[in-house]
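Participant: Fold the following.
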Amino acid sequence: RLHRRYSKAPSCFSFPHITFTTPLFHGLYYPGDDPFWEAVDLWYDATGDLEWYDPQQITTRNGSLVITLDSTDTLQSGLTQGSTAPFTAAQNHNLNYRSGMLQSWNKFCFSSGYIEVSVVLPGANSESKGYWPGAWTMGNLARPGYPATTDGMWPYTYDSCDVGTFPNQTLKDGSGPAAALHSDASRSKYNNELSWLSGQRLSYALSYLPCTRAHAPQRLVMSGSDHPGPSTSVGRGAPEIDIFEAEHAKDTPLGQVVSMPAQFAPFSADYVYLNSTADQWTVFSPNVTRPNSYKGSAVQQAVSGIVSLRDDMFQGSGQRFTTMGKRSRSQLSFPRVLSTSQALSTGATPRTPTKGT
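Facilitator: This is a model prediction of the structure:
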């Protein structure tokens, strides 16, 4: 596993205010090929993916990024431009699918602003199932696909000294709080416990005193210690804000949707967020957007809307590029600047986390 401590925050090009007027994608994305993007070569175990992410699955065509999802069932070469089939599971790390994930980690970051993508989604039409394409951002202190960097970092965004920083959000002796020991909004596979996270690795600290007496002494962070800046007394983490994650609708029988969530830790009781007033929660396009009934699980709390998709934006039904984006703001004054990097991928499987200790 990667070393768990950082002497300083990872460096990257940060663009809080910039407009790109030319295509960002122009070639191959093996390590060293591009200053802003890199295709990963790994199995994404955080969600138990069915595919291996391979750099050769990512190319460009007519100025657009192309991510190709291949299967061992494809026995003829050249059926799709960019396909690397045929191949066997033995040639593909014992997995039956091969796809691509492009990351900007430690290369292209931004602290706030508006970012958008224009995409054609995989599948025959809006009734296609089994895919999980996405474009999303994560705090640059964690690198997607490298669990030693995300453990205790994702999806934390917290700057307080309390039980929220503890493993599983429970006291050392396991006596409470009651809302962490049992949540009706959690799931049976998590024993209806509120959190299975391992605790915030880089928690808030004041002066030279430890934040609090948590389960694991190695998680106590003191000012001046091996803690990423710009201030060593500020709680750090890697929250996730997604531009989109696409899937077939679960709350209606027809059509595909995208969820546009922000994912955070620690969690509130039953994952409930403030939504009783327009200042707290507003849907600006109710004709296509609705609140997501999913508010979280033992590994994430999510604030999300669901947007219905048109049928002509899929590979087999029009291939119409459709624009989706997100706008986020952070406190740009020292020391609470959040930098995020991007990941784009295609593939699908249910999330299968392990419980923190």
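Participant: which stretches of this structure form helices?
Facilitator: Here the chain has its helices, by DSSP state H, at 147-150, 178-181.
Participant: would JSON lines of these with mean pLDDT and distance to V117 be doable?
Facilitator: C-beta here means a position set from N, CA and C on the backbone, and glycine is covered the same way. Output for the helices of the chain, formatted as JSON lines (pLDDT from 0 to 100; distance: least, C-beta to C-beta, whole Å):
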{"stretch": "helix 147-150", "mean pLDDT": "94", "distance to V117": "23"}
{"stretch": "helix 178-181", "mean pLDDT": "97", "distance to V117": "37"}
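Participant: Tell me which of those helices sits most buried.
Facilitator: Ranked by mean neighbour count under mean count of other C-beta atoms under 10 Å, the helices of the chain are led by helix 147-150, which reaches a mean of 18.
Participant: I figured G123 hits M313, correct?
Facilitator: No - taking contacts as C-beta atoms under 8 Å, G123 lies outside contact range of M313: 9.9 Å.
Participant: quick one: the residue lying closest to R329 once chain neighbours are set aside from I241, how far?
Facilitator: Take R329 and drop its neighbours on the chain: the residue closest to it by C-beta to C-beta, 6 or more residues apart in numbering is S112, 4.7 Å away. The span separating S112 from I241 equals 11 Å under the rule C-beta to C-beta, to the nearest Å.
Participant: Between the two, which has more neighbouring residues?
Facilitator: I241 (22 against 16; other C-beta atoms under 10 Å).
Participant: burial measure for G27, as a count.
Facilitator: 11.
Participant: what residue is smack in the middle of the protein?
Facilitator: Nearest to the mean C-alpha position of the chain, counting by C-alpha atoms, centre = their mean, stands E240 at 4.8 Å.
Participant: thought that residue was touching A262?
Facilitator: Yes - at 7.2 Å, E240 counts as touching A262 under the criterion of C-beta under 8 Å.
Participant: Now the residue located most distally from the centre of the chain: closest residue in space that isn't a chain neighbour?
Facilitator: Computed with C-alpha atoms, centre = their mean, the residue of the chain farthest from its C-alpha average is Q76, at 34.2 Å. Nearest in space to Q76, with sequence neighbours left out and distances taken as C-beta to C-beta, 6+ apart, is P86 at 6.9 Å.
Participant: now swap in K295 and tell me
Facilitator: Counting by C-beta to C-beta, 6+ apart, the residue nearest K295 is Y271, at 4.1 Å.
Participant: The one you found and P239: what is the separation?
Facilitator: 15 Å.
Participant: can you give me the offset of stretch 276-292 from its chain's centre?
Facilitator: Relative to its chain's centre, stretch 276-292 lies at 22 Å (C-alpha atoms, centre = their mean, to the nearest Å).
Participant: Lowest mean pLDDT among the helices and strands of this protein, which one is it?
Facilitator: strand 13-14 (a mean of 44; mean pLDDT, DSSP states H and E).
Participant: re the thing from before, right, and the residue farthest from the centre of the chain touches S83 too?
Facilitator: No - Q76 is beyond contact range of S83, at 9.3 Å (criterion: C-beta under 8 Å).
Participant: Please list all residues in contact with Q200.
Facilitator: G152, Y156, Y158, G164, T165, R219, G235, G237, A265, P266 (C-beta atoms under 8 Å, 6 or more residues apart in numbering).
Participant: Pull out the buried members of the residues you listed.
Facilitator: Buried subset of these (neighbour count, 16 or more other C-beta atoms under 10 Å): G152, Y156, Y158, G164, T165, R219, G235, G237, A265, P266.
Participant: from those residues, which is closest to K129?
Facilitator: Of all those, K129 sits closest to A265, with 29.8 Å by C-beta to C-beta.
Participant: before we move on, back to that, count residues in the vicinity of the residue nearest to Q76, would you?
Facilitator: 15.
Participant: give me the low-pLDDT residue ranges for this structure?
Facilitator: 1-26, 205-227, 229, 330-357 (pLDDT under 70).
Participant: hmm, try it at 50
Facilitator: 1-22, 206-210, 212-224, 332-340, 347-357 (pLDDT under 50).
Participant: surely L75 meets P86?
Facilitator: Yes - taking contacts as C-beta under 8 Å, L75 lies within contact range of P86: 5.0 Å.
Participant: Who's the closest spatial neighbour of F244, skipping the chain neighbours?
Facilitator: F244's closest residue in space is V258 (C-beta to C-beta, 6+ apart), at 3.9 Å.
Participant: So what pairs up with the one you found in the strands?
Facilitator: A246, V307 (DSSP bridges).
Participant: Check the one 4 residues further on too.
Facilitator: Counting by DSSP bridges, A262 is bridged to I241, V303.
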